[in-house]
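kindly generate the corresponding structure for this input.
(one chain, ligands or ions: 1)
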Amino acid sequence: MAERDIWGNRTAFVLASIGSAIGLGNLWRFPYVCYEFGGGAFLVAYIVCLVSAGIPLLMLEFALGKQTAQAAPGAFAKIDKRLEWFGWFAVGIGFVICSYYSAIMSYCVNYFYYSFTLAWGDDPAEFFNRHVLDKTGDPEQPWALGSFRWQLFFGLLLTWSLILACVWKGTKTVGKVVWVTVLGPWALLILFVIRGVTLEGAADGLSYYVTPRWSMLWNFSPAPGEIGAHELWLAAISQVFFSLTVGFGVMIAYGSFLDDETCIVKNTWIIGLGDALTAIVGGFAVFGALGHKAHADGVPITEVVESGPGLTFVTYPEIINGLPLPHLFGILFFVMLSLLAIDSAFSLVEALSSSVRDKFGFTHRQANVAVSLAGVIFGLPYMFGSGIHWLDIVDHFMNFCGLSIVVLGTCLIVGWHFPASRMRHFINQRSDGKIDIWWDIRIQLIVPAAILYMLGFEVYVRLENAYGDFGLRSQELVFGWGMLLLIFFASVVLSLARPNLRS
Ligand code: TRP
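Below is the predicted model of the structure:
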């Protein structure tokens, strides 16, 4: 086999991984999930999950890639031939995420265009629902398809062309592109935070964000309508994994491009903390804006906007409206958001196409073009008026269920089958910083137990509710689980397909 590409230098590896981690997950998903799951309490759960599960698993993925010199499917196959499908499954979940992720990127591209005229006016929520999405307006039937949004579709095409351009030459370009896509956006982010927290009425939003209602963290028998602790923790842990891009085979592929001298332990901490910091700092801007809006509308902070994937497309325009030179900052902001997102998206394309290359001997270009085309096709459902509704459901199933299954499986396979102690020695050999047996305990016991518990609870609650409330719920359920099953079958088929390696 051809020699693997190696990162041009060590900084390129760190930047590319940070680039994959930092993206819409930090500035789009984190704020709305945090808002939905109780603000401060979620923030606490998020930090706990980051340190006790996210960072150890990120380390594991890098090490697995480095140890096997393979992308995810090959890496799991090296541990045990029968496990190749599991690697495909992880990448498959990542691909589905990538398909709606690029739809959100298309929103960003459209908002970039709207910034020239500040088209959202003084009611960004109304603008988003009516003008951008053209939602059906019938709350009984949020899933009814709605009209095809051509401007979103153009955004999608543009998005995928950009992604393709970025990955065209493999790790060599990736290492360069990320300098711009990671470091640039931070400057603007700081500006947005300053504006967000100084808006009139921001204090209420900020206090919701940083003052936890502690009881939420252990409220395991919630009253109807209340958020249960299992849900809160599941939301936090899946947000951590989503944000770090752990559980999608991406970091395994990036680890496989790693040279021999890079310290895995130290770099994992840099990447993990850099990612979390971006989300947490960005949260100040969003919650400041939410406070401002609550103040202006005279409503409590929990009722300002409909939470969900649309939230940040309301709050950011709100902040932009309050800035001097709003057009300029609007344009800059949405360029920045697209830049942040693009390296996350192409990390998945890299992971998937390097898997295909490793197994079937495709060339770089063939694999990348095939993946991008598939991405456009799978993005089509989100181009309709009801797209964001389905996006929310797919996001839920992929992250709460699919991602948990992958992380659980990874812990069991590497923790017990490989096993963890061997991987720990491997990591320690290659790192200046060392990890101890506590790492094994988390990988083997704590993380799997926590996920099993929360996942079990989630499935149980979903099933319960579906029986009580037929209609939308059961449709969603069939759709969500159907999708997961489909990914599962596709991965089994891919793993059974005969390899066609060019030597
Ligand atoms: N980590 C990315 C972010 O924070 C999101 C992400 C996770 C992602 N998995 C993915 C993006 C798979 C595309 C494909 O934005």
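
how about the residue of the stretch 51-200 of the chain found nearest the ligand, nearest residue that isn't a chain neighbour?
Of all residues in the stretch 51-200 of the chain, the one sitting closest to the ligand is Cys98 (3.7 Å; C-beta to the nearest ligand atom). Backbone N, C-alpha and C define where each C-beta goes, glycine included. Spatially, and ignoring its direct neighbours in sequence, Cys98 is nearest to Leu348 (4.4 Å; C-beta to C-beta, 6 or more residues apart in numbering).

show me what the one helix or strand Ala253 maps to is in contact with.
Using DSSP states H and E, Ala253 sits in helix 250-256. Helix 250-256 has contacts (C-beta atoms under 8 Å, 6 or more residues apart in numbering) with 4, 13, 16-17, 20, 58, 61-66, 68-72, 75, 87, 94, 244-245, 347-348, 350-351, 354-355.

rerun that using 7 Å as the cut-off
Applying C-beta atoms under 7 Å, 6 or more residues apart in numbering, the contact partners of helix 250-256 are 4, 16-17, 20, 58, 61-66, 69-72, 75, 94, 245, 347-348, 350-351, 354.

one more: stretch 379-386?
99-100, 102-103, 133-136, 142-149, 152-153, 156, 387, 390-391.

which residues of this protein score low on pLDDT?
1-9, 136-143, 170-175, 465-474, 500-503 (pLDDT under 70).

flag every residue of it that's near the ligand.
Residues of the chain lying close to the ligand by C-beta under 6 Å from any ligand atom are 21, 23-26, 94, 97-98, 101, 242-243, 245, 248, 344-345, 348.

so what does Phe384 look like in phi/psi?
phi -100, psi 170 (degrees, to the nearest 10).

tally of neighbours for it?
Phe384 has 21 neighbours, counted by other C-beta atoms under 10 Å.

check the gap between it and Ala296 for me.
32 Å (C-beta to C-beta, to the nearest Å).

do the same with Leu445
Distance from Leu445 to Ala296, by C-beta to C-beta: 49 Å.

excluding chain neighbours, give the residue nearest to Leu311 in space.
For Leu311, the closest residue by C-beta to C-beta, 6+ apart turns out to be Tyr32, at 3.9 Å.

doesn't Asp204 make contact with His292?
No. In this structure His292 lies outside contact range of Asp204 using C-beta atoms under 7 Å: 8.8 Å.

name the residue in the two with the higher neighbour count.
His292 (26 against 18).

before we move on, back to that, in helices, which of the contacts of stretch 379-386 fall?
Ser99, Tyr100, Ser102, Ala103, Leu152, Phe153, Leu156, Gly387, Trp390, Leu391 (DSSP state H).

how many neighbours does the third one have?
Applying the criterion other C-beta under 10 Å, we find 29 residues in the vicinity of Ser102.

tell me who's in contact with it.
Leu156, Thr159, Trp160, Ala345, Gly375, Gly379.

now, these that are in helices?
Leu156, Thr159, Trp160, Ala345, Gly375, Gly379.

contacting residues around the fifth one?
Residues in contact with Gly375 (C-beta under 7 Å, 6+ apart) are Cys98, Ser99, Ser102, Trp160.

quick check: Ala21 vs Leu232, distance?
Taking C-beta to C-beta, one finds Ala21 at 22 Å from Leu232.
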